[in-house]
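Peer 1: please work out how this folds:
(one chain, ligands or ions: 1)
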Amino acid sequence: MKRIETICVQGGYTPKNGEPRQIPIVQSTTFKYDTSSDMAKLFDLEASGYFYTRLQNPTNDSVAAKIAQLEGGTAAMLTSSGQAANFYAVFNIANAGDHVVSTSTIYGGTFNLFSVTMRKMGIEFTFISPASTREEIQAAIRPNTKAIFAETIANPALTMFDIELFADVAHKNGVPIIVDNTFATPVHCRPIEWGADIVTHSTTKYMDGHGAAVGGAIVDAGRFDWMAHADKFAGLCTPDDSYHGVTYAERFGKEGAFITKCTAQLMRDFGSIQSPQNAFLLNLGLESLHVRMARHAENGLKVARFLSESDKISWVVYPELEGDANYALAKKYCPNGTCGVVSFGVKGGRAAAEEFMKNLKLIAIETHVADARSCCLHPASATHRQMTDEELYAAGVSPDLVRLSCGIENAQDLIDDIKQALERL
Ligand SMILES: *Cc1c(COP(=O)(O)O)cnc(C)c1O
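Peer 2: A predicted model of the protein is given here:
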């Protein structure tokens, strides 16, 4: 296995003699076969190959293979969005009547997916603090718990997830952990190395990095022994009648069962496929991910330090800021830097926050983060506006919170823009 910088540039696709150097965009919904029996083998999962882009496409597979390598996993798949990735990752192992433990500091869209939409599908969620003790994590797990879910660096609360601790408790209970690694990216943290079983991404963020294409990804570490807990994970460990009785964990082993089932069942039935065009754009982003992440984190820290010294700012949260509640975990899990996102409160509360944002010139107001261009958002009136004040506080989002995503511009220019916006308050 090559180092992360080399995988960013060259992973997932190795052209043969005379083939395109760049990943070709296979802009085709379908693939041609000489005989019906050739195609039947594909439908029965007896041979691997392409037949319809909703299931698999060569462009998508190359990019998914790169992401699998970046995370140190055995298999990966792309989805149309991060929402689809998290939905598929959980729904692949949890059905009606099951239970999932999630940290409360997660992206607002994911919180809504879990607490409203998946609850309607009969799956129950318990939300616990990412700062939970071993005993508190244990107390949240029930006999029907199928997964623990969290974000490496939470959006926008910026709490760090203690992967080792949660993985240890989860595994003692025969439960896998699913980690959304969108903010850290594999350049700054590889959750699988710390015990994560499934890693998800909104590739819309740093992986694409240019605000060009919405997308998601799911990576399997290939280590969770489904068969050892066959009663819990019947979907992976008993025959699937919709695929002529294939038992995924038997046929594809620990390394391939999760992603094969997720593709064969969920992608087949829900169809949240990433377009090959978007996969191509995502790959362009991945080629420079290691270079950009270093600058995002450097700018994030510089801006966080500036804000923490300003008398117009009431509080700043950035995991690498000395004295931050998550400082020790940030140093452990992200020793080379975290991300470009900084959360803070402007003195004067919600109204001052809105005034400050209006005064910014370089930094734009956007429902986005983790992009080459700096942007900011007031989550309480945007991504998290469906939440009650109580839920907002549990998610680590106070009503005055401004989420600033530092891009890869010059750090001093960003600080100058913030400075003039604060001075005009
Ligand atoms: C944005 C985001 C999502 C949702 O991803 P989309 O690509 O917008 O669907 C999920 N998790 C995290 C941490 C995010 O930042």
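Peer 1: contact partners for the nearest residue to residue 371 once chain neighbours are set aside?
Peer 2: Spatial nearest neighbour of residue 371, excluding adjacent residues (C-beta to C-beta, 6 or more residues apart in numbering): residue 211 at 4.4 Å. Just so you know, the C-beta spots here come from the backbone N, C-alpha and C atoms, and that holds for glycine as well. Going by C-beta atoms under 8 Å, 6 or more residues apart in numbering, residue 211 touches 368, 371-373.
Peer 1: give me every residue that touches residue 375.
Peer 2: Neighbour list for residue 375: 363-366, 368-369, 404-405, 407 [criterion: C-beta under 8 Å, 6+ apart].
Peer 1: same deal with residue 401?
Peer 2: 156, 343-345, 353, 378-380.
Peer 1: make it 6 Å
Peer 2: 343, 379 (C-beta atoms under 6 Å, 6 or more residues apart in numbering).
Peer 1: again, but for residue 4
Peer 2: Residue 4 neighbours (C-beta under 6 Å, 6+ apart): residue 187.
Peer 1: before we move on, what about residue 197?
Peer 2: Here residue 197 is in contact with 176-177, 221, 224 (criterion: C-beta under 6 Å, 6+ apart).
Peer 1: ok, now with 7 Å
Peer 2: Contact analysis of residue 197 by C-beta atoms under 7 Å, 6 or more residues apart in numbering lists 176-178, 221, 223-224.
Peer 1: list the residues that contact the closest residue to the ligand within the chain.
Peer 2: Proximity of the chain to the ligand (C-beta to the nearest ligand atom) peaks at residue 82, 2.2 Å away. Residue 82 sits next to 182, 201-202, 204, 216 when contact means C-beta under 7 Å, 6+ apart.
Peer 1: report the entries of the residues you listed that also contact the ligand.
Peer 2: Under the cut-off given by C-beta under 6 Å from any ligand atom, the ligand has 182, 202, 204, 216 from the contacts of residue 82 close to it.
Peer 1: what sits opposite the second one in the beta ladder?
Peer 2: It stands for residue 202. Beta-bridge partners recorded for residue 202 (DSSP bridges): residue 216.
Peer 1: which residues sit in contact with it?
Peer 2: Contacts of residue 202 by C-beta under 7 Å, 6+ apart are 81-82, 85, 182, 216.
Peer 1: do the same with the last one
Peer 2: Residues touching residue 216, when contacts are defined by C-beta under 7 Å, 6+ apart, comprise 78-82, 84-85, 200-203.
Peer 1: taking those one by one, which sit in helices?
Peer 2: 82, 84-85 (DSSP state H).
Peer 1: contact partners of stretch 349-368?
Peer 2: Identification of contacts with stretch 349-368 by C-beta under 7 Å, 6+ apart yields 211, 346, 373-378, 382-383, 399-400, 402, 404, 413-414, 417, 421-422, 424-425.
Peer 1: now list the buried members of those.
Peer 2: 211, 346, 374-378, 383, 399-400, 402, 404, 414, 417, 421-422 (16 or more other C-beta atoms under 10 Å).
Peer 1: helices - which of those residues land there?
Peer 2: Using DSSP H, the buried ones among the contacts of stretch 349-368 in helices are 414, 417, 421-422.
Peer 1: get me the contact residues on the stretch 151-300 of the chain for the ligand.
Peer 2: Selection of the stretch 151-300 of the chain residues close to the ligand by C-beta under 6 Å from any ligand atom yields 151, 155, 180, 182-183, 202, 204-205, 214, 216.
Peer 1: just curious, which of the contacts of residue 82 is nearest to residue 282?
Peer 2: Nearest to residue 282 out of the contacts of residue 82 is residue 204 (C-beta to C-beta; 9.0 Å).
Peer 1: once you drop chain neighbours, what's closest to that closest one?
Peer 2: Nearest non-adjacent residue to residue 204 (C-beta to C-beta, 6+ apart): residue 214, at 4.7 Å.
Peer 1: next: residue 312.
Peer 2: Nearest non-adjacent residue to residue 312, counting by C-beta to C-beta, 6+ apart: residue 422, 4.5 Å away.
Peer 1: the one you found and residue 309 touch, don't they?
Peer 2: No - using C-beta atoms under 7 Å, residue 422 makes no contact with residue 309, being 11.5 Å away.
Peer 1: wait, doesn't residue 204 sit right on residue 215?
Peer 2: Yes - at 5.8 Å, residue 204 counts as touching residue 215 under the criterion of C-beta under 7 Å.
Peer 1: quick revisit: the contacts of residue 197 in strands, which ones?
Peer 2: Among the contacts of residue 197, DSSP state E puts 177-178 in strands.
Peer 1: farthest pair within the contacts of residue 197?
Peer 2: Farthest pair in these, by C-beta to C-beta: 178 and 223, 13.3 Å.
Peer 1: which one's more surrounded, the two?
Peer 2: Applying other C-beta atoms under 10 Å to residue 178 and residue 223 shows that residue 178 carries more neighbours, namely 26 against 15.
Peer 1: residue 89 is in contact with that one, correct?
Peer 2: Yes - with contacts defined as C-beta under 7 Å, residue 178 counts as touching residue 89 at a distance of 5.2 Å.
Peer 1: overlap of the contact sets of those two?
Peer 2: 198, 200.
Peer 1: ok, then the element right after the helix or strand where residue 127 lies?
Peer 2: For residue 127, the element it lies in under DSSP states H and E is strand 124-128. Following strand 124-128 in sequence order, the next helix or strand is helix 134-140 (DSSP H and E).
Peer 1: and the next element down the chain from that following helix?
Peer 2: Counting by DSSP H and E, what follows helix 134-140 is strand 145-151.
Peer 1: who does that next one pair up with?
Peer 2: strand 99-103 (parallel), strand 177-180 (parallel).
Peer 1: and the longest one with the ligand, contact?
Peer 2: Right, strand 99-103. No - counting by C-beta under 6 Å from any ligand atom, the ligand is not contacted by strand 99-103; separation bottoms out at 11.6 Å.
Peer 1: using CSV, write out every CA atom in that strand.
Peer 2: What follows is strand 99-103, C-alpha atoms only, in CSV (Å, rounded to 0.1, in the frame of the first residue of the first chain):
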residue,chain,number,x,y,z
HIS,A,99,-32.2,0.1,17.6
VAL,A,100,-29.2,2.3,16.8
VAL,A,101,-27.1,4.4,19.2
SER,A,102,-25.9,7.7,17.7
THR,A,103,-24.0,10.6,19.2
